[in-house]
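Undergrad: Here is a sequence together with a model predicted from it:
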Amino acid sequence: MKKILVIAAIFINFGCKKESVILNTPTSSSLTPVNSTQSFSTSTIYVSVKTQGAKGDGITDDTKAIRSALLYAKANGIANIYFPDGTYMIGETGDGGGTIKLVDGVGMMGTGVATCHIKLTGGRYNPNPVFYQDYIGSPSVGNLVVQGIDFDGNIANQRYDAAYQFCHAFKINNGKNIEVKNCKFQGWRGDGLLFGDTFEPTLNVRIVTNVNVHDSEFFNIYREGIMFCCVNGASFYNNNIHGDGYLVGGVDIERHSINESVLNVSVYNNTFNFTDGYGPVERGGPKVRYRRAVTMGFFYNGYANATADSLSGHHKIYNNKICQGQIDCFRIINVSISGNTITNAYENIAGVNFTTVPSINVADPGATKGLINVNVDNNIITSAMGNGISFYNYSKVTANANTITGTPLDGINILGTSGCFYGNNITNAGTVATPASGILINGNSSGLYVASNIAVNTTSGINRTTDYVVKIGSSNNGAVPPQIINNTAQNALKGVISQYYYQLNYITSLNNIAI
């Protein structure tokens, strides 16, 4: 069959880059689609889903065509399937695992989120995940890129049981070398992306390694924008997370059992803006915007013998912008939380589940031993929700050079925790009715070092809200008394340091001044 070479300048939006695509086009427009591959770039080839019968008209069920394109690409050694402009409907229901099986080594690319859509048809009851890794047929999937596609779960037009939360756009339990970029995930009654598996009988039998998700948008996601469970090595950066939902959080880094490793996840340069949506009603209490932006945790049965092991941690959460949200760290060790900007207006969250009042909360929900090495440094927190930073049952922590403004409770709350608290600047902590301190210390903690912190009242007279720079609120049976050195109270309501009445002169105090 004679063909002519047509050079079509198709501009594909992947952020800032635009590419020309060379198409081999039949001379007769009446021919049925044929299997053809096209050069996308010097390093990428693809097969168009339309050669496998996809219409992309927003009406036709394109499930079978997408599945066929994935299998054709795999059989012919092609790296990607390509979605031209259009709306590709997913009409099949699938089984409990999902609807379309992912294929190892085959990625997906579209023309950009404004023009390329993959959408779940409406009228479903507890819909399954859409793209998923098949345990039997594809025990591992990886070496693939997903880019330039809007994935729409059509949440408003589905029906669900109240507790249902498993309609994910992507569910990958075992694999490696996966990149998702320049995509949009919206309207999923589950997660936008889920990586790793849970509750396995053998250590790391299914684990995902080397994941990168960036320059994408997450909007109106019911459970998590992205969930990392049983992963080692992942990055989530330059993304925009907003809208309704986020039952658990925008990003959830969660260990479920002792047979999982959840290690080396970095979350940075993202925007979490929850001012344009509300948490789901299943969270209980009043309807509020305030939610978890990033949460790290090990719940359920916890560590063996209630002692932290080396299989969860080494996470870095930095340079994110968060509005009406918080960062949580529960039972996870070796974590850095730095350079984040958090801005929260007051909301009444009494009775609301899955959230706490501190802007950054580092806590142990049980009685775990060996929780160490969480550094909370150089964050800027302006919050009317509760404490700026809170620690419970950790040791070898830092909270250094944070700027905390307007918290109705103490700027930094320390409970049964040891470490270094240095160079923090805390302004207008507390309220007129209930004054608070820059730093509040309670419980047993040995060797606290609290130095060069500043607590400031910008109001005057009876309108001042901050009473002390440092307040010790209970007895401390730690072996080494706290060192409280070179702290400054500016316009404090009462003074510089308040010692616990039962242990006067227990601390080491030097060069603390009020001005």
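TA: That came through, no problem.
Undergrad: And the helices in the stretch 401-515 of the chain, which stretches?
TA: In the stretch 401-515 of the chain, no helices are found when defined by DSSP state H, counting those that start in this stretch.
Undergrad: secondary structure element for T398?
TA: strand 397-400 (DSSP states H and E).
Undergrad: model confidence over that strand, on average?
TA: Averaged over strand 397-400, pLDDT sits at 98.
Undergrad: do the same with stretch 197-211
TA: Rounded mean pLDDT across stretch 197-211 is 95.
Undergrad: what does stretch 410-430 give?
TA: 98.
Undergrad: Now find how far off-centre it is within its chain.
TA: Averaging C-alpha positions (CA atoms, centre = their mean, to the nearest Å) puts stretch 410-430 25 Å from its chain's average.
Undergrad: so what strands line up beside the strand holding T398?
TA: strand 374-377 (parallel), strand 419-422 (parallel) (DSSP bridges).
Undergrad: So what touches that strand?
TA: By CB atoms under 8 Å, 6 or more residues apart in numbering, the residues outside strand 397-400 that reach it are 362, 372-378, 389, 391, 412, 417-424. C-betas here are computed from N, CA, C, even on glycine.
Undergrad: how does it look with 10 Å?
TA: 335-338, 360, 362, 371-379, 388-391, 411-412, 414, 417-424, 439, 449-453 (CB atoms under 10 Å, 6 or more residues apart in numbering).
Undergrad: so how far is Y300 from V376?
TA: 25 Å (CB to CB, to the nearest Å).
Undergrad: and if you look at V262?
TA: 13 Å.
Undergrad: Settle it for me: which of the two has more neighbours?
TA: Between V262 and Y300, V262 has the larger neighbour count (other CB atoms under 10 Å), namely 26 against 12.
Undergrad: ok, which stretches of the stretch 151-300 of the chain are strands?
TA: 170-172, 175-181, 184-188, 191-195, 208-214, 217-221, 224-228, 231-237, 240-245, 249-255, 262-268, 271-273, 291-298 (DSSP state E, counting those that start in this stretch).
Undergrad: quick one: strands adjacent to the helix or strand just after the last one?
TA: Looking back up the chat, that one is strand 291-298. Downstream of strand 291-298, the first helix or strand assigned by DSSP H and E is strand 312-318. Note on strand 312-318: by DSSP bridges, its sheet partners are strand 262-268 (parallel), strand 333-338 (parallel).
Undergrad: what residues do V262 and Y300 have in common as contacts?
TA: By CB under 10 Å, 6+ apart, the residues touching both V262 and Y300 are E254, R255, H256.
Undergrad: Just among the residues you listed, which is most surrounded?
TA: R255 (29 neighbours).
Undergrad: So in terms of bridging, what pairs with that one?
TA: Applying DSSP bridges to R255, the residues it is bridged with are F298.
Undergrad: and it, how far is that from F391?
TA: 20 Å.
Undergrad: same thing with D95?
TA: 45 Å.
Undergrad: Look at those two and report which has more neighbours.
TA: Per other CB under 10 Å, whichever of D95 and F391 has more neighbours is F391, with 29 against 9.
Undergrad: Can you report how many residues lie near the closest residue to the more buried one other than its chain neighbours?
TA: Among residues not flanking F391 along the chain, T417 sits closest, at 4.0 Å (CB to CB, 6 or more residues apart in numbering). T417 has 27 neighbouring residues, counting by other CB under 10 Å.
Undergrad: Enumerate every residue touching T417.
TA: 362-364, 371, 374, 390-397, 399, 441-445, 448.
Undergrad: repeat that with 8 Å
TA: Neighbours of T417 in contact, by CB under 8 Å, 6+ apart: F391, Y392, N393, Y394, S395, V397, G443, S445.
Undergrad: Would you report the backbone torsion angles of it?
TA: phi -130, psi 140 (degrees, to the nearest 10).
Undergrad: From F272, how far off is the residue most central in space within the chain?
TA: In the chain, the residue lying closest to the centroid (CA atoms, centre = their mean) is V251, at 1.5 Å. Going from V251 to F272 by CB to CB gives 8 Å.
Undergrad: Over to H315?
TA: Applying CB to CB to H315 and F272 gives a distance of 16 Å.
Undergrad: Next: M227.
TA: 15 Å.
Undergrad: quick one, which of these two is more surrounded?
TA: More crowded of M227 and F272, by other CB under 10 Å: F272, with 29 against 24.
Undergrad: What distance do you get for that one to T202?
TA: 35 Å.
Undergrad: One more: K287?
TA: 42 Å.
Undergrad: ditto for V362
TA: Distance from V362 to T202, by CB to CB: 31 Å.
Undergrad: More neighbours: which of those two?
TA: Neighbours around V362 and T202, counted as other CB under 10 Å, are more numerous at V362. The numbers are 27 against 7.
Undergrad: This completes my enquiry, with thanks.
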